[in-house]
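In: here's my sequence, what's the structure:
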Amino acid sequence: MSAKRASLAAVGAAVAIAGCAGGGGGARSTPPTLAQVQALTNSARAYLEFPIPARGTVSKGRAKATTGRKITYVSPATANVGIAVSNGSTTIYSTSFAIAPPACVPLSGNQGYGCTINLPVGTYTLYANLYDQSMNLLSTNLYANQAPVTIYANGSATANNLTIPLQGVVYSTINEGPHSCFFPRGQHVPVHFLDASNYEIVGPLANPITAYVVAANGGGLAAFDLYAYVNGVSQSIDNVTISDTSIYTTPFFNIGTVEGSVLFYAGVANGFQTYFGGYKTASAYGRFTVSDYHLWGLDAYSNLYTIGLEAAYNTTYDCSVVLADQTLNAPTIVNGMQDGSGHGSEVLVGDTQAVYVIAVGGTSGNHVNIDYSHVPAIVRARTVAKVALSPTQTLVNLLESTSVRGRFTVISQDSATGLGHIDLYDTYNGVVSPYQSFNLQIPAGTTSCCETWTSGPSSSQVLYYTQPNNPILYALDRANNGAFLTPVSFAATPLANGALYAIQSSGLGYDYMFVRGSDGNGSYYVCEFDASLSPLNILCHRTGSHVTSAASIRYDPGSGKLGWASGGTDFYAFDAHQTPASFMAGFSTAPAAYTLSHQAFRFTGTVGTAGILGLYGGSPSQVTFLRYNSSTGTWNWLATQAWPNPHLSTTQY
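Out: Numbering: from 1, shown residues only. Below you'll find the predicted structure:
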């Protein structure tokens, strides 16, 4: 241990500097009072000022941009001081005290405190540590190349008024992103250097940080780089040692307009460890990705997780678990949805009693909330709305509309009535508004896999829904307060004694309804009818595919196609905007639109990214994403992601 470190360590166990042990925080015990320190045989009174900002005038987190260099950093949370007097390698005196009377009194205008203490007479080096109420180290002059000071005897002509420049100790760094992936939309993502009480440090640093990024693929540094303002001009600080945040002000991630990934490295000087994204280390490593698409899913532990999908490179990268600013109670469903404004997206997360609408990009304001009550501070995704179910309702399914952008549907089972309930909500610029609410005439069931619903078609304002293992298609009139309509009977079709598995509408402006089911005797069918006609004329065609999933057909509003999961490796896509007669005539001869590398029996939630479909299946389970090319009329491979369940949805800025 160096003589300099030995000097501060001698302040005593109560105020030992964490840097001596390689840590970033201070000891957690009550500092001794002046009366408890060793006696001074030749002492004099000295006066020190600590310009502590009033806590009510400084917010935690981002500080105001500075107009000049700061020579010292004193945190608003400062509550205790540790002093050590060193003569070469020998500590000749140490003390500690609270920033409070009798040692300290407020300065004029409540701009800090002036403290009077006893110090040995002579010339020596004076070291100081500042701590918060819990004895976490906030700033120090241990690494400030402190010049010797002279303390004159009481009564001397020279007053012992001391100035001690202090350097802030970076306890944690955070950026205003809830995960490590960003959309390529030319944005600045603020980065914060925080002390142990979550106040932003503006001034010299006791533990300077050097960070740099290395291109991993794609645009590299054109996609992601480290920046700050120097003399009011933004510039790259890649591989620059940040020793003073009043020189390199308001640092940020500079996100470009192209896709790409970088590897991130950071080192902390002077033996300290600092939190980077929740991990305390002296040498940080990570990856940041800028991608056109983000995947949202529930991992094996029901955590909300996001993955970046770089469309230009057909590559996915993990972006880690996402913490929301409201507690998700064991979520079971997740879906992505484009905002009704056409700009930005939301992620819908459902647990048994509520649906959370989480902003992930667009015009709905700041998409993160920083939790400063937690040390280190935590960046959480912002929940723009929480749709709470009544105490008697339990969530059964959560669907995004294929007909109306920004609309989602909540299906629940009501234990009070024994029947199902459906609520429609619209989202515009991140504001969620209830649209319609209906009681159903049948139970909603107990599992989401067996229910199928749709909000179409457009002209007749009918909402269709099914009941598992039942050949009846139920209907209600959305334009007439949810009045029950005569159920659609399949008595004249091969499904008369069978079951309906999946239904889909044909999108906004069309009234074609598609149904997938079986006759109960081992034969499976696809059926279609035009909901605008009366009476309905249902046409059906036998299929060799024996898939029973409620999500085995999916209308894609970007291509106008009806996606068909065959249960094998072949994926089919049919024109959803054709009459039942035309559809059935071409059904059996239609070639596969794409052959997957794995079997797939259902689709994932991709309505938020029109023109993309995700197919789930295989062993081990995985999701393959296909994208429609309108110029060639073909479906092309976008990416494949291993995933333990079908809850993997897509969003796009």
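In: the helix or strand harbouring residue 476 - what's its average pLDDT?
Out: Under the criterion of DSSP states H and E, residue 476 resides in strand 472-477. For strand 472-477, mean pLDDT is 90.
In: go on, stretch 235-248?
Out: Mean predicted lDDT for stretch 235-248 stands at 96.
In: so for that stretch, what gets flagged as buried?
Out: Residues 237, 238, 240, 242, 243, 244, 245, 246, 247, 248 are the ones in stretch 235-248 that count as buried (16 or more other C-beta atoms under 10 Å). All C-beta atoms are positioned from the backbone trio N, CA, C, and that covers glycine.
In: does the nearest residue to the last one once chain neighbours are set aside lie in a helix or a strand, and which?
Out: With C-beta to C-beta, 6 or more residues apart in numbering as the criterion, residue 248 has its nearest non-adjacent residue at 4.1 Å, and that residue is residue 228. Applying DSSP H and E as the criterion places residue 228 in strand 224-230.
In: next structured bit after that strand?
Out: Note on strand 224-230: by DSSP H and E, the next helix or strand toward the C-terminus is strand 233-236.
In: who's in contact with that following strand?
Out: Contacts to strand 233-236, defined as C-beta atoms under 8 Å, 6 or more residues apart in numbering, come from residues 221, 225, 226, 227, 228, 229, 254.
In: just to revisit the earlier point, turn the buried residues of stretch 235-248 into CSV, columns for secondary structure and distance to residue 423.
Out: CSV is the format used below for the buried residues of stretch 235-248 (DSSP: H, G, I helix; E, B strand; the rest coil; distance: C-beta to C-beta, whole Å):
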residue, secondary structure, distance to residue 423
237, coil, 49
238, coil, 49
240, strand, 53
242, strand, 50
243, strand, 55
244, strand, 54
245, coil, 48
246, coil, 52
247, coil, 54
248, coil, 50
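In: in CSV: the residues you listed, plus distance to residue 181.
Out: Below are these laid out as CSV (distance: C-beta to C-beta, whole Å):
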residue, distance to residue 181
237, 22
238, 20
240, 25
242, 24
243, 30
244, 31
245, 26
246, 31
247, 30
248, 25
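In: so how far is residue 601 from residue 569?
Out: Separation of residue 569 from residue 601 (C-beta to C-beta, to the nearest Å) stands at 11 Å.
In: between these two, which is the more surrounded one?
Out: Neighbour totals were compared for residue 569 and residue 601, and residue 601 leads with 20 against 17 (other C-beta atoms under 10 Å).
In: quick one: contacts for the more buried one?
Out: Per C-beta under 8 Å, 6+ apart, neighbours of residue 601: 547, 549, 552, 565, 567, 616, 617.
In: let's see it at 6 Å
Out: By C-beta atoms under 6 Å, 6 or more residues apart in numbering, the contact set of residue 601 is 547, 549, 565, 567, 617.
In: gap between it and residue 546?
Out: 9 Å.
In: residue 375 - nearest residue in space that isn't next to it in sequence?
Out: Leaving aside its chain neighbours, residue 375 sits nearest to residue 198 (6.2 Å; criterion: C-beta to C-beta, 6+ apart).
In: can I assume that neighbour is in contact with residue 379?
Out: No - contact criterion C-beta atoms under 6 Å: residue 198 and residue 379 do not qualify, at 11.9 Å.
In: any regions of the stretch 351-500 of the chain where pLDDT drops low?
Out: Residues of the stretch 351-500 of the chain meeting the criterion pLDDT under 70: 361-366, 445-460.
In: and if we set it to 90?
Out: By pLDDT under 90, the low-scoring segments of the stretch 351-500 of the chain are 352, 359-369, 399-405, 429-430, 443-470, 477-481.
In: can you give me the neighbour number for the residue nearest to residue 375?
Out: 22.
In: then residue 535?
Out: So residue 535, with other C-beta under 10 Å, has 6 neighbours.
In: next one: residue 200
Out: 20.
In: same thing with residue 653?
Out: 18.
In: now it. Nearest residue, chain neighbours left out?
Out: Closest to residue 653 by C-beta to C-beta, 6+ apart is residue 183, at 3.8 Å.
In: I'd say the one you found and residue 651 touch.
Out: No - Residue 183 lies out of contact with residue 651 (C-beta under 6 Å); the separation is 8.9 Å.
In: what segments of the stretch 201-350 of the chain are strands?
Out: Assigned by DSSP state E, counting those that start in this stretch, the stretch 201-350 of the chain shows strands spanning 204-218, 224-230, 233-236, 240-244, 249-255, 260-268, 274-276, 279-281, 283-290, 293-298, 304-310, 315-321, 333-338, 344-350.
In: export those to a markdown table and tack on distance to residue 405?
Out: A markdown table is the format used below for these (distance: least, C-beta to C-beta, whole Å):
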| stretch | distance to residue 405 |
| --- | --- |
| strand 204-218 | 29 |
| strand 224-230 | 30 |
| strand 233-236 | 36 |
| strand 240-244 | 44 |
| strand 249-255 | 25 |
| strand 260-268 | 29 |
| strand 274-276 | 38 |
| strand 279-281 | 39 |
| strand 283-290 | 25 |
| strand 293-298 | 17 |
| strand 304-310 | 21 |
| strand 315-321 | 25 |
| strand 333-338 | 6 |
| strand 344-350 | 11 |
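In: among the ones you listed, which is nearest residue 191?
Out: Comparison of the strands of the stretch 201-350 of the chain against residue 191 by C-beta to C-beta identifies strand 249-255 as nearest, at 4.4 Å.
In: report the inter-axis angle for that closest one versus strand 204-218.
Out: For strand 249-255 against strand 204-218, the angle by axes from the mean of the first three to the mean of the last three C-alpha atoms, to 10 degrees is 10 degrees.
In: tell me the strands beside strand 249-255, with direction?
Out: strand 187-194 (antiparallel), strand 224-230 (antiparallel) (DSSP bridges).
In: next, the contact list for residue 123, please.
Out: By C-beta under 6 Å, 6+ apart, the neighbours of residue 123 are 148, 150.
In: now swap in residue 262 and tell me
Out: 213, 215, 216, 224, 288.
In: distance check, the residue lying closest to it once chain neighbours are set aside against residue 520.
Out: Nearest non-adjacent residue to residue 262, counting by C-beta to C-beta, 6+ apart: residue 213, 4.0 Å away. According to C-beta to C-beta, residue 213 and residue 520 sit 60 Å apart.
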